[in-house]
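K.L.:
Below is the sequence, then the predicted model.
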Amino acid sequence: MTLRAFEATDAPLISARGLTKRFGDFVAVDGIDLDVHRGEAFGFLGPNGAGKSSTMRMIGCVSPPSDGSLRILGLDPGADGSRIRSRLGVVPQRDTLDEELTVRENILVYGRYFGLSKAVVRERAAELLEFAQLADRADSVVEPLSGGMKRRLTIARSLVNEPELLLLDEPTTGLDPQARHVLWDRLFRLKRSGVTLVLTTHYMDEAEQLCDRLVVMDGGAIVAEGSPRQLIAEHSTREVLELRFAVDDHAPYQAKVADLARRIEVLPDRLLLYVDDGDAAAAAVHDRGLTPLSVLVRRSTLEDVFLHLTGRTLID
Amino acid sequence: MGTAQRVSRMMPFPAGAGMARALVERNVRAYKHAWTTLVSGFFEPVFYLFSLGVGMGALIGDIDAGNGRMVAYASFVAPALMAAAAMNGAVMDSTFNLFFKLKYAKLYDSVLATPLGPRDVAVGEISWALIRGGLYSTVFLLVAAVAGVVESWWAVLALPAAVLIGFAFAAVGMAATTFMRSWQDFEYINLTILPMFLFSATFFPLSAYPAALQWVVQATPLYHGAAMIRALMLGDVGASLLVHVIYLLVMGMIGAVFAARRIERLLLT
Amino acid sequence: MPAVNTAHTPIASPRPVTRRPGRMWDRALAYWMMSYRRVWRGSIISGFLSPLLFLVAIGIGLGSLVDDGPAGGIEGISYLMFLAPGILAAQAMQTAISESTFPVLGAMKWQRQYHAMTAAPLGIADIVLGHLAFIAFRLTITSTTFVVIATAFGAIESWWVVLAVPVAILTGLAFAAPVFAYAARQEGPSGFSMLFRFVMLPLFLFSGTFFPVDQLPVVLEVIAKFTPLWHSVELCRGLALETLSLLPALGHLAYLLAWLALGITLAMRGFRAKLVV
Ligand SMILES: Nc1ncnc2c1ncn2[C@@H]1O[C@H](COP(=O)(O)OP(=O)(O)O)[C@@H](O)[C@H]1O
Ligand SMILES: [Mg+2]
């Protein structure tokens, strides 16, 4: 099928069946199935080592799958890697900026890798520098830029070929909160303009903010799939009551409140009670004569989903 | 299938390297920021030429260039220095610089996210090494001509000859670099290059070596490079030139094919 | 199981011993010696093999042409014997410069060992002198080894060459100290290729190592005589060939010592500018 013919269909942009990546005997990605559709913002949520980057690199056609089938834009990455990559934008987990070049040259040179004419890359570089709020640093070398600026430059660079599919591997890891919000704002704009986003993250707030649909990965496998709201409804309760006691070990308290919640998680420093009405549960705890150091009622998040599915926290 | 593609399939050169130009462009841009380094590279062989040619030349006088013809020592050593400079430049580019880009700057990780493939990387980097080497060789040849140590118009062909030497060494150097794990491993490169630089009938003629060692000298690639350029600069053109050319061509081809394959294995994990 | 020391049960612990800044350079030296234990293998080639290869290729190979040349040797002796002490001096320069470029920049900017040392009680003088002491150690090994091997090759015959080893160490330090000052002020390695190409290589080629400087055009000859390497070559060669007389020897020594003193002053200033901010 040609690319033109592919565009006319509503077939998924990415389609994987039994996709597997092995490094020697080690299985990093263990037979995952997934479909990503045009215009979606799709996320991989999972802790370090879950296999997110390995999956992204296979989708980016720089890592041949060990097993299973993978189609990107209707094409086979093994045979048509170069053609596929010409329509992708890639933001790798670690910035791979060219430190021997200036900020602007990074975009210019990258655009030339796509075979774009010099006039076109010049024009797009100017636009993208505006978009990434880097116009005033255009002629600076890359090294002294802050982490957030480098990340924005990497994203700007990945857009030089006007990709229809943008792959972002942990776009905001390691950035301060303000820089993250600036980045999220840029990604929202891209999404609105119709770019299909595929991103990985181990931040649940990022996944909730940006993703229409996501899969939770753990140990190379997909353990759940759905929209953030669906996942929370399915795998957690509406509210969570967090209790912190003045003790080193919270396990003994579990039995004392077990009947108040649908489910309890014991963390080293607190108890999580999964309940539908957090305030009511807090009152009940109080009635039993228990006096926690702190009591917090909050809504369920993807972190709770992950904890439920794997028994572990996302960030350890 | 288009003609260009058909031709590229027929060549032993790695096919599918059509975008390599973009990488050469990148290197040109990077060097605009480091032009002093580029320019300073011109001086090294020239310093050697004057130290050996003028300083040592006065102590040595004329020597037998191989077939009973006596030439000034400077005329004897200049071609070898040109060949050695082509080798050194190519090896530097394809080992130290390549390793840095591969392991530290992660340059190719970003390049391979674009339509460029590993072959483009191999061909692009080798081409750049040749362009740079060609520039240096041109300057050296001009200096040598002005200094009066070029004896024949055949010397014009020493330019493509130097580029061929650069190609052979860049390709093999690149393949070797894909096996390097740390900077410590580069000692092996020095261990190969320095003896070759000193003992390839570069500074003194083959006849000065013990007979048992002469065939070892003649087996080294720099011997062929130096002998080729010496034949051209002295105007001793003969059929043996062909042997040198074929030796270096084959070495470069094997190196290039091997390097492209290794880079593919290394980068596309 | 070792006893756990909590805040409530203090045990007598040895107190850190502080000496006056400038008297603790042995601690900086100890660090460099320790890290050298991990990488010494890599220095074998540059340290021993490369001067040896030059000695064989130029001294013996090219030397056979010189000895058959118009003058039949050089200053009445075989070229090999002329060259060996020159290489001893040049090798000291090269070892010292390579040990005081990337390692200094790295310790200042990349691995930042110097910063760690300033966080300990060490002062600037300790850091500079300790690192120089390490380079002196390296020079001792490379120079001694070269002298032994060159003697085995018959390239050196006089016992006076024993004194050429401390001269080589002094030579290396006279280069290392000013290069410390230069390296400390670099932001990246690009300045080093300038140093290698426009200082080290011309010195190597034109300061009397390979041929007497009076064969150079007069202007270059005068310049060559201002380089520390020429003075070092004169000393080493004079000792190895037993042609040295006292007064010139003292002059050469004084010149090298002056470079060392100036270099240390500049290096301390450069290090202070970078480390004490
Ligand atoms: N090139 C490689 N060679 C060997 N193991 C690898 C390689 N890349 C990743 N892995 C391993 O595969 C697992 C998944 O890694 P990765 O995909 O980077 O996870 P994530 O991005 O979710 O943190 C990890 O255990 C990692 O150590
Ligand atoms: Mg990852």
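P.N.:
Okay, I see it. Ligands and ions are numbered 1, 2, ... in the order given.
K.L.:
Dig out what the most centrally placed residue in chain A forms beta bridges with.
P.N.:
Nearest to the centroid of the C-alpha atoms of chain A, with distances taken as C-alpha atoms, centre = their mean, sits residue A:200, at 2.3 Å. Each beta-bridge partner of residue A:200 is listed here, defined by DSSP bridges: residue A:44, residue A:169.
K.L.:
wait, it sits on residue A:206?
P.N.:
No. Because the distance of 9.7 Å does not satisfy C-beta atoms under 8 Å, residue A:200 is recorded as not touching residue A:206. C-betas here are computed from N, CA, C, even on glycine.
K.L.:
still on that earlier bit, dump the residue contacts of the residue nearest to the centre of chain A.
P.N.:
For residue A:200, the contact set (C-beta atoms under 8 Å, 6 or more residues apart in numbering or on different chains) comprises A:43, A:44, A:45, A:46, A:52, A:53, A:55, A:56, A:93, A:168, A:169, A:170.
K.L.:
Please apply the same query to residue A:215.
P.N.:
For residue A:215, the contacting residues are A:32, A:34, A:43, A:44, A:45, A:222, A:224, A:225, taking C-beta under 8 Å, 6+ apart as the criterion.
K.L.:
what's the closest of the residues you listed to ligand 1?
P.N.:
Taking C-beta to the nearest ligand atom as the measure, ligand 1 lies nearest residue A:44 of the contacts of residue A:215, at 7.6 Å.
K.L.:
what's the pLDDT at that closest one?
P.N.:
Per-residue confidence at residue A:44 stands at 95 (pLDDT).
K.L.:
For residue A:165, see how far away residue A:61 is.
P.N.:
11 Å (C-beta to C-beta, to the nearest Å).
K.L.:
Common neighbours of the two, please.
P.N.:
Between them, residue A:61 and residue A:165 share the neighbouring residues A:72, A:88, with contact defined by C-beta under 8 Å, 6+ apart.
K.L.:
and residue A:243, what helix or strand is that in?
P.N.:
Using DSSP states H and E, residue A:243 falls within strand A:239-244.
K.L.:
packing partners for that strand?
P.N.:
Judged by 3 or more C-beta pairs under 8 Å, 6 or more residues apart in numbering or on different chains; DSSP states H and E, strand A:239-244 is in contact with strand A:271-275, helix A:278-287, strand A:294-299.
K.L.:
Please identify the next secondary structure element, helix or strand, after that strand.
P.N.:
helix A:251-257.
K.L.:
circling back to that earlier point, of the contacts of residue A:200, which ones also sit close to ligand 2?
P.N.:
The residues of those that also fall near ligand 2, by C-beta under 5 Å from the ion, are A:52, A:53, A:93.
K.L.:
who wins for proximity to ligand 1 among the helices and strands packed on strand A:239-244?
P.N.:
Taking C-beta to the nearest ligand atom as the measure, the helices and strands packed on strand A:239-244 were each checked against ligand 1, and strand A:271-275 came out nearest at 24.1 Å.
K.L.:
Can you tell me the strand partners of the closest one and which way each runs?
P.N.:
Each strand pairing with strand A:271-275, determined using DSSP bridges, is listed with its direction: strand A:239-244 (antiparallel), strand A:263-266 (antiparallel).
K.L.:
ranking the ones you listed by mean pLDDT, which is last?
P.N.:
Comparing mean pLDDT over these, the weakest stretch is strand A:263-266, at a mean of 89.
K.L.:
Restricting the selection to alpha carbons, write that one to PDB.
P.N.:
Presented in PDB, the C-alpha positions along strand A:263-266 are these (Å, rounded to 0.1, in the frame of the first residue of the first chain):
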ATOM      1  CA  ARG A 263      -8.600  -2.200  49.600                       C
ATOM      2  CA  ILE A 264      -5.600  -1.100  51.700                       C
ATOM      3  CA  GLU A 265      -2.100  -0.500  50.600                       C
ATOM      4  CA  VAL A 266       0.700  -0.400  53.200                       C
END
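K.L.:
which parts of stretch A:279-286 are buried?
P.N.:
Neighbour counts using 16 or more other C-beta atoms under 10 Å in any protein chain shown place A:281, A:282, A:284, A:285 of stretch A:279-286 among the buried residues.
K.L.:
Identify the residues contacting the nearest residue to the third one once chain neighbours are set aside.
P.N.:
The spatially closest residue to residue A:284, leaving aside those adjacent along the chain, is residue A:260, at 5.2 Å (C-beta to C-beta, 6 or more residues apart in numbering or on different chains). For residue A:260, the contacting residues are A:273, A:275, A:281, A:284, A:285, taking C-beta under 8 Å, 6+ apart as the criterion.
K.L.:
need the helix or strand of chain C with the lowest average pLDDT.
P.N.:
Within chain C, no helix or strand scores below helix C:43-44, which has a mean of 70 by mean pLDDT, DSSP states H and E.
K.L.:
still on that earlier bit, from the contacts of residue A:200, which is closest to residue A:185?
P.N.:
Compare each of the contacts of residue A:200 with residue A:185 using C-beta to C-beta and the shortest gap goes to residue A:168, at 14.2 Å.
K.L.:
Give me the distance between whatever residue of the stretch 1-150 of chain B ends up closest to chain C and residue B:155.
P.N.:
Of all residues in the stretch 1-150 of chain B, the one sitting closest to chain C is residue B:51 (3.6 Å; C-beta to the nearest C-beta). Counting by C-beta to C-beta, the gap between residue B:51 and residue B:155 amounts to 21 Å.
K.L.:
same thing with residue B:252?
P.N.:
Residue B:252 sits 22 Å away from residue B:155, taking C-beta to C-beta as the criterion.
K.L.:
Now do the phi/psi pair for residue 232.
P.N.:
Picking chain A for this. phi -70, psi -40 (degrees, to the nearest 10).
K.L.:
ok, now which ones touch the closest residue to it other than its chain neighbours?
P.N.:
Once its chain neighbours are removed from consideration, residue A:232 has its nearest residue in residue A:300; the separation is 4.9 Å (C-beta to C-beta, 6+ apart). By C-beta under 8 Å, 6+ apart, the contact set of residue A:300 is A:232, A:236, A:237, A:238, A:239, A:240, A:274.
K.L.:
repeat for residue B:136
P.N.:
B:41, B:42, B:45, B:85, B:86, B:89.
K.L.:
residues contacting residue 199?
P.N.:
All of this refers to chain A. Contacts here follow C-beta under 8 Å, 6+ apart; on that basis residue A:199 touches A:41-44, A:167-171, A:187, A:206, A:210-211.
K.L.:
other chain: chain B
P.N.:
Applying C-beta under 8 Å, 6+ apart, we find residue B:199 in contact with B:209, B:217, B:220, C:53, C:57, C:61.
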